[in-house]
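1. need the 3D shape of this:
(one chain, ligands or ions: 1)
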Amino acid sequence: MRITAEGLGWSASGTPVVRGVGLDIAPGETVGLLGPNGSGKSSLLRCLAGLRVPDTGTVRYDGVPVRDLSPRAIARRVAFVAQDSGLDTDLRVTDVVGLGRTPFRDRWRGPDAHDRAVVAAALERVGLTALAGRPWQNLSGGERQRAHIARAFAQQPYGLLLDEPTNHLDVKHQLELMELLADADQTVLVALHDLALAARHCDRLLLMHDGVLVADGAPADVLTSENLARIFEVEAELSADALGRPAVTYRGPLRGTVPGPPSRSPSRQGTP
Ligand SMILES: Nc1ncnc2c1ncn2[C@@H]1O[C@H](COP(=O)(O)OP(=O)(O)OP(=O)(O)O)[C@@H](O)[C@H]1O
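-> Down below sits the predicted model:
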């Protein structure tokens, strides 16, 4: 499924958070969404997932404006994995993952054999089969994160939008998840703070700063020492790993004034 946006803008309490964003993610592409804290990644993802109504612009799934789709129709196309869902429930893990089947069920019908098979396959994909019967409250942070990802897979979406899904995961599970996303048939947009993971597993990277998309391209074109200085305010050296992907070596935070970002639209007053 192709996910596109043009002229996307969203404000919170009168302050622009997402500003004039245009993007085009091709079917099956795995795209990383990068940017410093507060740059607007989560807000953009929520606009793309139909969870926020943009003030300006249009999001389309395969050319269909999302504003013309019902929540159920959206959920049949796209799954969203939040940064921290804060879910607190008495349900078992398998039931939480089963929530991903909601868009496909009649309100009063319980899960059928097909739903159960889809949920079992989703748990298997994230390596949580052994914990299927455990109470949700007993899970560790990383196990919950993987269960949320299984819930998204159980939704059998055409597009996956994920907000820092590697946050609570140990290194092995970070690598496994990124491999899963890169190999998935779905169109994937994933917000990440780990630039090494992004460089290693994403086909393309989008870089946000102050609500604006300031770079969009191959990892080696987006992860430059200039962008790391201007946008992330760190001193870093870029080299190529054995497979030619960019590898980042941090020297430390930049102190003092750094040049402003290579904005595609006018910067907000007071930005670097
Ligand atoms: N509902 C809201 N009301 C007020 N301000 C908001 C709201 N949602 C987001 N913001 C503000 O918008 C800015 C962007 O937030 P957002 O969560 O989109 O950034 P982010 O890039 O995902 O950040 P992080 O990397 O820290 O998760 C922040 O300054 C945030 O405080």
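2. run a quick neighbour tally on Pro65.
-> 10 (other Cβ atoms under 10 Å). Yep, even glycine has a C-beta here, placed from its N, CA and C like the rest.
3. just the pLDDT for Pro111.
-> For Pro111, the model assigns a pLDDT of 84.
4. pretty sure Ala215 contacts Asp221?
-> Yes - when contacts are counted by Cβ atoms under 8 Å, Ala215 is listed as touching Asp221 (7.5 Å).
5. who has more neighbours out of the two?
-> Ala215 (21 against 13).
6. tell me the phi and psi of that one?
-> Dihedral angles of Ala215 (phi, psi; degrees, to the nearest 10) stand at phi -150, psi 150.
7. and it, bridged to which residues?
-> Leu207 (DSSP bridges).
8. with Ala240 instead?
-> Pro246.
9. quick one: contacts for it?
-> Ala220, Pro246, Ala247 (Cβ atoms under 8 Å, 6 or more residues apart in numbering).
10. what residues are up against the residue nearest to the first one when sequence neighbours are not counted?
-> Just to be clear, that refers to Ala220. Computed as Cβ to Cβ, 6 or more residues apart in numbering, the closest residue to Ala220 that is not its neighbour in sequence is Pro246, at 4.9 Å. Taking Cβ under 8 Å, 6+ apart, we find Pro246 in contact with Ala199, Pro219, Ala220, Leu223, Leu238, Ser239, Ala240.
11. what residues does the protein have near the ligand?
-> Ala12, Ser13, Val17, Gly35, Asn37, Gly38, Ser39, Gly40, Lys41, Ser42, Ser43 (Cβ under 6 Å from any ligand atom).
12. which of the contacts of Pro246 lies closest to Trp136?
-> Ala199 (34.0 Å; Cβ to Cβ).
13. just checking, the closest one touches Ala247?
-> Yes - counting by Cβ under 8 Å, Ala199 touches Ala247, with 7.1 Å between them.
14. please consider this matter closed, and thank you.
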